[in-house]
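Peer 1: Sequence and predicted structure are below.
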Amino acid sequence: MGIGSFFKKVWGGIKKGATKVYDFGKKAVGKVGHVLRPITDIASKVGGFMSMLPGKAGKIGQGLAAGGQAIKTLTGMLPESQAKQKIESAIDRGLDTGQRYLKEGTDRVTQISDRVQPWIRSGVQIGRTIADGADRLYAKM
């Protein structure tokens, strides 16, 4: 075996290894965009859902108040008595408690949403930028 054939075999091995690395890299880059896009879409939807929660809680509060008024209308038809006063008092306490818990929950959701939204938005932007870059890189390969 001469020195020329030795270098030819070494060079052939290097080319074969480089081709395998290139093919693996090309597949990996193609997968990055393929995987990141759905993740960023899901993160974007989660962020949108979280921003809607305080409004949904407000609708629940309106429904609770309307239900309470409907029940009070029915209890208003009862004859005046101590039982009627206790029933109305219990309804008022229940409505107040429900509204208080709803307000506390809405405040918590708003706090969490305000803290998390910037992170979700930036994560979505970063993910989409990486996916776009991977797609452009894959197209050039």
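Peer 2: It's in.
Peer 1: Could you list the low-pLDDT ranges of this protein?
Peer 2: Low-confidence regions of the chain, defined here as pLDDT under 70, cover residues 1-2, 140-141.
Peer 1: Looking at it, which helix is longest?
Peer 2: For the chain, the helix with the greatest residue count under DSSP state H is helix 3-75.
Peer 1: helix or strand right after it?
Peer 2: helix 82-140 (DSSP states H and E).
Peer 1: Work out which residue lies at the spatial centre of the protein.
Peer 2: Nearest to the mean C-alpha position of the chain, counting by C-alpha atoms, centre = their mean, stands residue 46 at 2.1 Å.
Peer 1: if you skip the residues just before and after it, what's nearest to residue 78?
Peer 2: Distances taken as C-beta to C-beta, 6 or more residues apart in numbering place residue 84 nearest to residue 78, at 4.5 Å, with adjacent residues excluded. All C-beta atoms are positioned from the backbone trio N, CA, C, and that covers glycine.
Peer 1: Repeat that for residue 116.
Peer 2: Distances taken as C-beta to C-beta, 6+ apart place residue 50 nearest to residue 116, at 6.6 Å, with adjacent residues excluded.
Peer 1: for residue 98, same thing?
Peer 2: Using C-beta to C-beta, 6+ apart and skipping residues adjacent in sequence, the residue nearest residue 98 is residue 64, 5.1 Å away.
Peer 1: Quick check: that neighbour touching residue 100?
Peer 2: No: under the criterion of C-beta atoms under 8 Å, residue 64 is not in contact with residue 100, lying 11.0 Å apart.
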